[in-house]
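> here are the coordinates; sequence isn't available:
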Ligand SMILES: O=C(O)CCC(=O)C(=O)O
Ligand SMILES: [Fe+2]
């Protein structure tokens with residue numbers, strides 16, 4: 001390994017005036033130079049005329065890259081301006097520090113202090129600050145644009161800085177940002193974005209003080225600090241959102257594939273996946289003392305002599321646990337086996353093929369993660385594929401038809417079987433709740449069904465990560481198929497996390513928030529989470545079942561009255577789901593929002 005410093009002067013790009021002519025000052029830390037190219041001596045200083053890719057192609061293992069571009073502006077005022085911007089695939093943050101002027105303080109020994117003067121910002125000063133913000137962001141995005149191709153073409157680079165001759169502005173990308181950019185690099189969206197670096201809707205905070213004495217003997221007049229970040233997805237002005245194709249229930253910020261990340265030789269969990277503290281599940285040497293979720297035999301529910309007692313068992317499972325495993329459910333083992341194989345194969349598809357099925361920024365169906373509303377948000381250690389399956393008019397045919405044909409056919413059959421199962425269970429629940437069966441059938445007969453396939457890869461630091469953040473499901477009934485016998489699902493019971501051990505061919509059923517609302521709080525949607533481990537992958541398929549799209553969500557009219565007053569408000573189901581998907585997932589907070597006490 002050796003260190004080398006060189007000057008390059010050259011042309012880059014075609015459209016951008018800022019980048020038309022520039023010289024690159026490159027500090028390259030090189031692990032091994034390309035053997036076929038001539039070796040260069042340490043401390044060699046040369047002026048060459050190259051594009052950066054051209055210059056870099058002589059080197060196999062560029063590790064860190066420091067580019068310096070000449071300043072394009074003539075600086076003829078006294079103002080002071082410095083900025084640093086961080087990018088991954090897209091813009092992440094920019095911090096700007098500016099002042100009208102900066103000069104030496106007469107009192108050399110002064111401490112850092114802010115002069116308490118009235119805060120007066122003249123029009124000129126305000127204009128100057130706006131110019132600073134716009135020019136810094138433009139310069140930052142041009143530099144990011146310049147870097148994208150280099151970063152993708154030179155996969156060994158683990159950190160990049162682009163600064164300028166005057167050291168005014170700096171674009172930075174570290175290992176995490178670079179891996180995000182590379183993981184997204186094969187994506188169609190990303191290819192498009194190679195054209196330019198788009199600055200998203202922004203949120204900015206500006207601080208201003210007329211005079212700021214710095215401890216180092218300098219004094220700033222009109223000192224200004226600006227922090228700029230992308231606006232979280234849910235805060236984007238709905239007026240500028242694109243029109244939904246069919247019904248658009250929501251969107252989620254595009255994030256890299258965890259399955260691909262897990263293939264890298266990671267010693268530590270990347271910081272964005274580090275949740276730091278997870279409460280451990282109940283552990284005991286005596287397995288009998290660990291509570292386990294009830295098992296409901298669907299065959300017994302349908303057999304006259306056992307119906308009443310099994311309905312009572314179902315009722316107490318829904319009230320006290322909100323979760324149960326269902327056996328003898330009527331879905332054939334051969335269909336489950338086939339579906340298992342197809343889903344496993346689906347997650348084994350080459351990444352290139354999966355990219356065609358990735359989420360789009362304006363809709364969350366496809367591969368990715370749900371509920372990601374800000375760039376700072378911690379992520380789950382899992383990939384998922386989400387699609388609305390029923391009713392057919394809500395299905396995104398374009399997405400569905402891109403699925404492998406065998407998976408499509410099996411999913412179609414599975415979706416129908418799960419719908420039948422859901423209706424049988426809902427019918428028994430209506431009996432148990434003393435709710436009018438007709439009201440239940442009317443709400444759910446043409447209900448919305450969606451399928452979410454989850455893939456949890458092995459994780460380098462499983463105790464610091466979470467496969468699926470604690471949450472309750474927003475739907476009425478979730479039917480979960482655990483594809484392999486790797487444990488991971490845990491439910492919160494009396495303040496403790498209890499593991500749900502997969503039973504062969506059983507399905508896990510849980511009450512979602514819609515059913516808690518419909519049952520007016522008698523049935524409970526229970527918080528659950530998925531943990532990960534260091535050696536085994538885990539796969540599951542959750543099928544969510546909700547009431548029909550044109551229904552109103554609220555406590556069932558046939559069960560409320562003076563002795564059972566409604567504790568939840570009534571809202572159109574479509575609005576309920578749109579609001580749900582616009583939020584960050586956080587336990588049962590959304591259900592609290594639906595309680596009557598919160599009515600505004
Ligand atoms: O993978 C699991 O066991 C949990 C999945 C889940 O909770 C969900 O998809 O909502
Ligand atoms: Fe869930």
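Everything's here; your move. From a predicted model like this one, the values you see are computed outputs, not experimental measurements. Numbers count the residues shown, from 1 in each chain. Ligands and ions are numbered 1, 2, ... in the order given.

> list the contacts of the residue nearest to residue 255 when sequence neighbours are not counted.
For residue 255, ignoring the flanking residues on the chain, the nearest one in space by Cβ to Cβ, 6 or more residues apart in numbering is residue 369 at 5.2 Å. C-betas here are computed from N, CA, C, even on glycine. Contacts for residue 369 (Cβ atoms under 8 Å, 6 or more residues apart in numbering) come out as 252, 255, 379-380, 382-384.

> want to try CSV for those residues, with distance to ligand 1, secondary structure and pLDDT as columns?
Output for these, formatted as CSV (distance: Cβ to the nearest ligand atom, whole Å; DSSP: H, G, I helix; E, B strand; the rest coil; pLDDT from 0 to 100):
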residue, distance to ligand 1, secondary structure, pLDDT
252, 14, coil, 79
255, 16, coil, 84
379, 15, coil, 91
380, 10, coil, 93
382, 8, coil, 95
383, 12, strand, 95
384, 7, strand, 95
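
> return the residues of the chain in contact with ligand 1.
452, 454, 468, 473, 480, 488-489, 528, 530, 540, 542 (Cβ under 6 Å from any ligand atom).

> of those residues, which pair is most distant in space?
Within the residues of the chain next to ligand 1, two members stand farthest from each other by Cβ to Cβ: 473 and 488, at 16.1 Å.

> just checking, which of the residues of the chain next to ligand 1 belong to strands?
Judged by DSSP state E, the residues of the chain next to ligand 1 include 452, 454, 468, 480, 489, 528, 530, 540, 542 as members of strands.

> buried among those residues? Need that as a selection in ChimeraX.
Remark: buried members of those, expressed as a ChimeraX selection using 16 or more other Cβ atoms under 10 Å:
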select :452,454,468,480,489,528,530,540,542
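
> can you lay out the ones in strands among the residues of the chain next to ligand 1 as a markdown table showing pLDDT?
Output for those, formatted as a markdown table (pLDDT from 0 to 100):
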| residue | pLDDT |
| --- | --- |
| 452 | 96 |
| 454 | 97 |
| 468 | 92 |
| 480 | 98 |
| 489 | 96 |
| 528 | 95 |
| 530 | 96 |
| 540 | 97 |
| 542 | 97 |
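
> what pLDDT does the residue nearest to residue 474 when sequence neighbours are not counted get?
Excluding the flanking residues, the one nearest residue 474 by Cβ to Cβ, 6+ apart is residue 580, at 4.6 Å. For residue 580, the model assigns a pLDDT of 75.

> for the one helix or strand residue 580 maps to, which helices and strands make contact with it?
Using DSSP states H and E, residue 580 sits within helix 573-581. Applying 3 or more Cβ pairs under 8 Å, 6 or more residues apart in numbering; DSSP states H and E, we find helix 573-581 packed against strand 552-553, helix 589-594.

> closest one to residue 100 among those?
helix 589-594 (45.5 Å).

> mind checking how far the closest one is from the chain centre?
21 Å (Cα atoms, centre = their mean, to the nearest Å).

> where in the stretch 501-600 of the chain is pLDDT low?
For the stretch 501-600 of the chain, the stretches with pLDDT under 70 are 583-589, 597-600.

> hang on, residue 439 in a strand?
No - counting by DSSP: H, G, I helix; E, B strand; the rest coil, residue 439 falls outside a strand, being helix.

> tally of neighbours for it?
Burial of residue 439 is recorded as 15 neighbouring residues (other Cβ atoms under 10 Å).

> could you measure from the closest residue to it other than its chain neighbours over to residue 361?
Take residue 439 and drop its neighbours on the chain: the residue closest to it by Cβ to Cβ, 6+ apart is residue 558, 5.0 Å away. With distances taken as Cβ to Cβ, to the nearest Å, residue 558 is found 43 Å from residue 361.

> do the same with residue 90
For residue 90, the distance to residue 361 - Cβ to Cβ - is 10 Å.

> higher neighbour count, those two?
With neighbours defined as other Cβ under 10 Å, residue 90 and residue 361 compare such that residue 90 has more, 22 against 14.

> next, count neighbours for the closest residue in space to the more buried one that isn't next to it in sequence.
Excluding its sequence neighbours, the residue lying closest to residue 90 (Cβ to Cβ, 6+ apart) is residue 200, at 6.5 Å. For residue 200, the count of nearby residues is 15 (other Cβ under 10 Å).

> quick one: residues contacting residue 200.
By Cβ under 8 Å, 6+ apart, the neighbours of residue 200 are 90-91, 230-231.

> for residue 535, state which of those residues is nearest.
Nearest to residue 535 among those, with distances taken as Cβ to Cβ, is residue 90, at 34.1 Å.

> so where is the stretch 51-200 of the chain shaky, pLDDT-wise?
51, 71-76, 106-120, 183-196.

> helices along that one, start to end?
52-56, 123-153, 175-183, 188-193 (DSSP state H, counting those that start in this stretch).

> what about the residue lying closest to residue 370 once chain neighbours are set aside, distance to residue 426?
Once flanking residues are discounted, residue 370 sits nearest to residue 252: 5.1 Å by Cβ to Cβ, 6+ apart. Separation of residue 252 from residue 426 (Cβ to Cβ): 29 Å.

> equivalent analysis for residue 127, please.
For residue 127 relative to residue 426 (Cβ to Cβ), the value is 63 Å.

> quick one, which of these two is more surrounded?
residue 426 (22 against 10).

> thinking residue 466 is in contact with residue 459, fair?
No - at 9.5 Å, residue 466 does not count as touching residue 459 under the criterion of Cβ atoms under 8 Å.

> find the residues that touch each one of the two.
The contact lists of residue 466 and residue 459 share 381, 532, where a contact means Cβ under 8 Å, 6+ apart.

> and the pLDDT for the residue most central in space within the chain?
Geometric centre of the chain, nearest residue: residue 372, 3.5 Å, by Cα atoms, centre = their mean. On the pLDDT scale, residue 372 is placed at 81.

> same thing with the one 5 residues further on?
Residue 377 is assigned a pLDDT of 83 by the prediction.

> got it, and residue 43?
The model reports residue 43 with a pLDDT of 42.

> what separation do you get for residue 511 and residue 182?
According to Cβ to Cβ, residue 511 stands 42 Å off from residue 182.

> next one: residue 79
Distance from residue 79 to residue 182, by Cβ to Cβ: 38 Å.

> residue 197 now?
Per Cβ to Cβ, residue 197 is found 16 Å from residue 182.

> neighbour count winner among the two?
Taking other Cβ under 10 Å, residue 197 and residue 182 do not tie; residue 197 has more neighbours (21 against 18).

> pick out the residue of the stretch 201-350 of the chain closest to ligand 1.
residue 323 (10.5 Å; Cβ to the nearest ligand atom).

> helix, strand, or coil at residue 325?
strand.

> pull the number of nearby residues for it.
21.

> pretty sure it is touching residue 504, no?
No - contact criterion Cβ under 8 Å: residue 325 and residue 504 do not qualify, at 10.7 Å.

> returning to what we had before: phi first, then psi, for the residue nearest to residue 90.
Residue 200 adopts backbone torsions of phi -80, psi -180, taken as degrees, to the nearest 10.

> before we move on, the earlier item: for the contacts of residue 200, which one is nearest residue 301?
Of all the contacts of residue 200, residue 231 has the smallest distance to residue 301: 49.6 Å, by Cβ to Cβ.
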